[in-house]
Every structure is written in C-alpha cells, then in structure tokens.
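Q: Structural data only, the sequence is not supplied:
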C-alpha cells in the first residue's frame, strides 16, 4: 500500500498544498518550523484519527480557519481509493471515501495504515502507562479497524460509570442517601463486557509482538537484549485466555474495589488503568535503560509493528519523522538498512546529511509554506 497524492487545506501551517508521492523513499528536508512534519502528521492522522504530536484537533487547524481538510489518494495492489477527512474543532469530524456520501470517520480506518517513528516515541519507554496503552490500541485498530468501535464503546461506558461513582461519592460526603447499587451493577457488566474484548486483544497482540520485538532489538543493538513485554492488569490474571475468562476476571476485580471506587468517585480497574511493562534483560526499561537503549527499544517496538502488519497482507507506509538526527551513526545505518525495502518510506530531516545514503529516492524541499521537488 502507498499514498500517491496528499492534499491539505488549512492544515497546520498550510493554507493549501498538493504533494504527489511515489513508492519507495521520499524525504522532506527543511529547517525546523518549516512544516515538514506537518505533512507526515497528516498521513498518520488518516491512519489513526489522531496526531502523534497533540491530543486534540484544534492545533491542526490553521490559525484563522474554521476547519482543515486532509485528502489522500491511496493505492493497494490494483485498487485505488480517495479518502478525505474534514476536521472542525468543537464539532464532529466528517469523512468521505471516493467522494461518496459522508461516512463515519472511523469507517476510513484501514484504508491508510502507517507505522510512524518519531522523537516522541521515547515516551513509550520513559513515559506514563497511557503512552503504552495508546501504542497497543492503535496497533490493534490497525490490524482490525472494527476495534475502533470497541474502544469508543469502552470510553462511553467508562464515562457513564464514572458519573455514577462521582454522584455516589458526593452523596456520601454530604450525608445523603446511597445510590441504587443495582444500577452500578449493570454498568459493571457493560464495562466488563467491552473491557474483556479490549483486554484479550491486547494480550493476544503482546504475545504476537514479543518475538518480533526481540528480533528487531537484536538487529538494532546486537547482543543488547533480550527484551520482554509483559501486560500488567488489575485483574491480576496474566494467564487470561478467552474473552469469557477476561469478563469474569474484570467483574471480580470491580467487585473487589467497589468500596474504594464509591469513596473516590472513579473507576479504579479496567483496561484504562493497565500497563505494558517493557523489560530489558531482567530490569524494567523505564528508569534503567540508557538513552541509547531506550531509543533502540522504542524503534524495535515500531519495527515489530511494521513486521506484524506486513505479515498480515497490507504493508503500511513507514514514516520516519526527524529520527535519524537523534541516533548515533551505528543505529542510524542499521535502521536505514532495515526500512529501505519498504513499499513506501516517508522521511523528514532538517538537512540532507541526516538522511542515510542508502535511503535514496525523491527529495522535497520544505520552506516558507512551500513544498517543492528537487
């Protein structure tokens, strides 16, 4: 799969830009702040409905504009599609495929798939659990776009349950009558049902990703491993296999913290509280891995993701956003050699020298809002 044309209107720094793209390597080169990352950010947004740089859509709309539009022509085998997203802060985003009538934004998931390497990836190793949950959930959705609906359902149920718990906590603090616990029981069942699907998808993914990550880490830093991926859940049942087992474990965990939840007014267990523990040797990478080891680990997770998606029949676009400037010479060359066979590789760099020679291909100069092929 590869993107053949990218069109942006009022997205980030671009009032309007048209960028034709070819298979193979394409590098966008320009000084910091000129807009090169904005281009690959737009491609990534089509794949995940989110940005790797910000948590909301508002910064994605050009100053003074009401909305932004991302449009891309995508080719997979003999099939071509045109996908379009319209981002309007404060309102629901809109989507179209092949200029047809409007569809739900999540219906475009799977048309574009990306694996994105960026300096922000260090947060996978050094950041809080939310970064690692996001990594898992975006990869799950890339493999199975229907999981976007499951994630949305879980978030909705969680908000409703938290509202009930907050009301119960306030009533308790003010000496009022207790809430109807049967209502909370119903929401426990909803949360456990949707959460069990998310939980089993995550644990299945980790089992599949483990050997691929270990292999990628050894390719980037020979002899530096092994690495281990462990899922940490409040269910305290790491061996959960089926969705039914996960459902029962989540119900039991919720029952076990019911008193504390009512006191605090918030849901204390569930996939939204879980973590992916990354180990290097016998120690957790967070807090123990060096800067270089952390970089290698983050890159190994992305390379493993790429290998997994490619093995399932729809090769993703590889995006390397200002990554090479962060790496030493050895890691830079190893990474370049590993990704150069990709069907489409998009690279951003501040100067030409940051792009390894093996990544020969198209070059675009990005400056002052203009993107020109050189």
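A: Good, I have the coordinates. Nothing here was measured: the structure is a model prediction, and the numbers come from that model. Numbering: from 1, shown residues only.
Q: For stretch 296-312, give the mean pLDDT please.
A: Averaged over stretch 296-312, pLDDT sits at 95.
Q: quick check, distance from that stretch to the centre of its chain.
A: 13 Å (Cα atoms, centre = their mean, to the nearest Å).
Q: Domain map for this protein?
A: 1-113+317-373, 121-314 (the TED database).
Q: Could I get those in CSV, plus columns for mean neighbour count?
A: Every C-beta, even on glycine, is put in place using the N, C-alpha and C of the backbone. Formatted as CSV, the domains of the chain follow (neighbours: other Cβ atoms under 10 Å):
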stretch, mean neighbour count
domain 1-113+317-373, 18
domain 121-314, 18
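Q: Residue 70 belongs to a helix, doesn't it?
A: No: counting by DSSP: H, G, I helix; E, B strand; the rest coil, residue 70 is not part of a helix but strand.
Q: OK, contacts around it?
A: Residues near residue 70 by Cβ atoms under 8 Å, 6 or more residues apart in numbering: 6-8, 11, 42, 45-46, 84-85, 87.
Q: Identify, from those residues, the entry nearest to residue 114.
A: For residue 114, the nearest member of the contacts of residue 70 is residue 46. The distance, counting by Cβ to Cβ, is 8.0 Å.
Q: contacting residues around residue 38?
A: Taking Cβ under 8 Å, 6+ apart as the test, what residue 38 contacts is 8, 11-14.
Q: Which strand or helix spans residue 162?
A: Per DSSP states H and E: residue 162 is located in helix 147-173.
Q: and what of residue 95?
A: Assigned by DSSP H and E, residue 95 belongs to strand 94-97.
Q: next helix or strand past that strand?
A: The helix or strand immediately downstream of strand 94-97 is strand 114-117, counting by DSSP H and E.
Q: can you pull the buried residues of that next one?
A: Buried positions in strand 114-117, judged by neighbour count with 16 or more other Cβ atoms under 10 Å: 114-117.
Q: Let's test this: mean pLDDT of that strand, rounded?
A: Mean predicted lDDT for strand 114-117 stands at 95.
Q: before we move on, what about stretch 226-233?
A: Averaging pLDDT along stretch 226-233 yields 94.
Q: Can you name the residues in contact with that stretch?
A: Stretch 226-233 is contacted by residues 199, 202-203, 206, 209-210, 213-214, 217-218, 238, 240, 271, 274-281, 285, 297, 300 when judged by Cβ under 8 Å, 6+ apart.
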